[in-house]
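A.B. asks: A predicted structure for the sequence below; I have some questions about it.
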Amino acid sequence: MSNLKIHHIGYLVKKIDRARQTFETLGYRTEQDTVYDDTRKVDICFLVKDGYRVELVSPVSPDSVVAGLIKKYKNAPYHICYETDDFETALAELTAGGFLAIDTPTPAPALGNRRVVFLTSAASGMIELIDG
Ligand code: NI
């Protein structure tokens, strides 16, 4: 397997401003202010604490990619994102290893338009892969 490094933990939230304040109460600091992702119809911001990066993701409209997930999970972590410096190889290896891509690699506005793809496996749930 290519070298995968944990980039962030994705965390679904219903109200991004209130969630951010609450994470700041816990000692997180905002690394990147809220950015609207027009493709996925979500607001996204990044916070960091103790070397961990958390991505707050909040649906903005009923056709948001996470509109269904937030009904199921409410406010909760829902994916771990892994960074790779060899995106194509890592994607092929993950697919060969039993992960199924659930979308196609797409630029992520909240991440400098780096390519990301989401994958899932029955044994581990959803992950995200980001091009380093
Ligand atoms: Ni993410």
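C.D. replies: That came in fine, so what should we check first? Residues are numbered from 1 along each chain as shown.

A.B. asks: For this structure, list the residues in contact with the ion, please.
C.D. replies: Where proximity means C-beta under 5 Å from the ion, the interface of the chain facing the ion comprises 10, 55, 81, 128. (Each C-beta comes from the backbone N, C-alpha and C, glycine too.)

A.B. asks: Need the max-distance pair from these.
C.D. replies: Pairwise distances among the residues of the chain next to the ion were taken by C-beta to C-beta; the largest, 9.0 Å, belongs to E55 and E128.

A.B. asks: what is in contact with those two at once?
C.D. replies: For the pair E55 and E128, residues contacting each of them under the criterion C-beta atoms under 8 Å, 6 or more residues apart in numbering are 10, 81.

A.B. asks: where does the protein have low pLDDT?
C.D. replies: Low-confidence segments of the chain, defined by pLDDT under 70, are absent.

A.B. asks: residue of it with the smallest distance to the ion?
C.D. replies: G10 (3.7 Å; C-beta to the ion).

A.B. asks: nearest spatial neighbour of P77, skipping sequence neighbours?
C.D. replies: Nearest in space to P77, with sequence neighbours left out and distances taken as C-beta to C-beta, 6 or more residues apart in numbering, is Y11 at 4.9 Å.

A.B. asks: All the strands of this structure, in order from the start?
C.D. replies: The residue ranges that make up the strands of the chain, judged by DSSP state E, are 5-12, 29-37, 42-49, 52-59, 76-84, 100-101, 106-108, 114-121, 125-131.

A.B. asks: If you count neighbours, what's buried in the second one?
C.D. replies: Of the residues in strand 29-37, those scored as buried under the neighbour-count criterion (16 or more other C-beta atoms under 10 Å) are D37.

A.B. asks: what's around D17, how many residues?
C.D. replies: Under the neighbour criterion other C-beta atoms under 10 Å, D17 is assigned a count of 13.

A.B. asks: I'd say G125 and H79 touch.
C.D. replies: Yes: when contacts are counted by C-beta atoms under 8 Å, G125 is listed as touching H79 (7.5 Å).
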